[in-house]
Each structure stands twice: as structure tokens, then as C-alpha cells.
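Chemist: Structure of the sequence below:
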Amino acid sequence: MSSEPLEDITKGATKGTLEWTADFIKQVVKNFQENKLRFISDKENIEIAKEQYNSGELQIYKAYIEDKAKLMVLRMGLVLRRLENKGEKERKQTLREDIMKKYEIKGLHVAQFVENGILNRYIGILLDDIGSIEKFKERINEIIDNIEKYVVFVKGTDNDRLVLETCLKITVANLSMIFIVSGIGSAAQIVKNIEERLVELLKESYELEKMSKGDKENLFFKRILNKE
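Modeler: Residues are numbered from 1 along each chain as shown. Coordinates of the predicted model:
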């Protein structure tokens, strides 16, 4: 018969149970996270999405956004950016299609909002005029929920006139505090083409701040509140 004291046996059993429970919970959480990524068809894209879960940028978003579905779309924007930086054009296009299937065009636009770095700059602009943390959260969630009222995502197949007309319709209808025109690749050239004309058309209500990098062209129009 073992001479091991009953107390030691009990402690060992308890410790083993706690460790097993902790491991079980970790596995459940892991499985849950992986199940949420099932809509991604490419395995490497899934791995990159897992890496982004603990990224510093996503942690910042979590401080202001509680909705899990919104956070997942923002996370997809980080993955798109990573794929762009790695030059993985085919995988990026595959993920764009996956996002479209899962979250439709609005979800893709929100993901692009993150990919292009626009959300970070938008947050920076809000910080310049923050009244309260609740109002700050409200504005961030508002632009995500109604992104079509704030951002025009220019496509390479668009023409200058169409983009200008779209911008004017949106600004007249909403007169939002911030209005953004964004283009990547061939679409960036279209944004450049209309910049001067758009500045002239909106000069009574908005002032321009540009954010250009590589083949990305983003125009931030900030509402003029106290023009004399």
C-alpha cells in the first residue's frame, strides 16, 4: 500500500483537476475563435487572422467598440493590410471575396477603412476635439455603422465625373463632420484627378487634409465650423 499521505493525494488530485479545467477552457476558447474564422477559405489567411487577434491596434479598437461582429471586420482590415505589405495580391483578393460573402459590400468597405489606415487617422482627428469618452465611442461606432455616409471608396473602373457627383450627393445629404475619399492602385489616380475640383466645390464647408502613401490616396475633408 502507498504511504503517500491522504492530504498529498487530495492536493494532487485537486491540482490536476484545476489544470485540466484550465486547459479545457483554453481549448474551448481556441476552438471558438477558430470557428469564427471558418468563413476564410485560405489557410494562411486564417493564420494571419489569428495573429491579429492580439495585435496592439485591435486592442485599441476594443477599448471603444464592444460589438464582436464589428471587431471581426476591423480585424479583417488588419489582415488585408498585412497581405498588402507582403505583396500577397492573390491571397488578398481571396480574402476580399470571403469578406464580401460573409459581410457584403458594407463589411468590405469597413475592412478597407482599416486597411488604408483611415480609421486610425479618423480617431486622431476626433481626439483633437474630444468632448467625452462616450461621445468619442459614439462617433467611431457611427462611422462604422454608416460608412457609406462618410467615405467614398473609388474603384479603378470609376470615372472622374461619377466620383465627383457621388461626393457631392453625399456631402449635401449628410454634411458630416468628416468626409473621406479613398482610392488604391489605379483608383488612387482618379482621386488625384478630382482633388483640385473637389476642393473648389467643397471649400465653403470643408477643408482638406491629405493622407497619401505609395499607391494609396486618401482625402480627408474636415467640416469648417466657425468660418467668418
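
Chemist: Confidence-wise, which helix or strand of this structure is lowest on average?
Modeler: helix 6-36 (a mean of 58; mean pLDDT, DSSP states H and E).

Chemist: following that helix, which helix or strand shows up next?
Modeler: Next in sequence after helix 6-36, counting helices and strands by DSSP states H and E, comes helix 43-52.

Chemist: Show me what counts as buried in the next helix or strand after that next one.
Modeler: Toward the C-terminal end, the helix or strand that comes next after helix 43-52 (DSSP H and E) is helix 56-62. Buried residues in helix 56-62, counting neighbours by 16 or more other C-beta atoms under 10 Å, are found at 57-58, 61. C-beta coordinates here come from the backbone N, C-alpha and C atoms, glycine included.

Chemist: Please enumerate residues in contact with helix 56-62?
Modeler: 52, 71, 74-75, 78, 119-120, 123 (C-beta atoms under 8 Å, 6 or more residues apart in numbering).

Chemist: and those, which are buried?
Modeler: With burial judged by 16+ other C-beta under 10 Å, the buried subset of these is 52, 71, 74-75, 78, 119, 123.

Chemist: May I have the secondary structure class of the residue lying closest to Phe220 once chain neighbours are set aside?
Modeler: Nearest residue to Phe220, sequence neighbours excluded (C-beta to C-beta, 6 or more residues apart in numbering): Glu209, at 4.3 Å. State at Glu209, reduced to three classes by DSSP: H, G, I helix; E, B strand; the rest coil: strand.

Chemist: can you pull the contacts of Glu209?
Modeler: Glu209 touches 125, 219-222, counting by C-beta under 8 Å, 6+ apart.

Chemist: Would you mind checking the residues you listed for buried ones?
Modeler: Here, 16+ other C-beta under 10 Å leaves 219-222 buried among the contacts of Glu209.

Chemist: hang on, Leu78 packs against Phe113?
Modeler: No: the criterion here is C-beta atoms under 8 Å, and Leu78 misses it with Phe113 at 11.3 Å.
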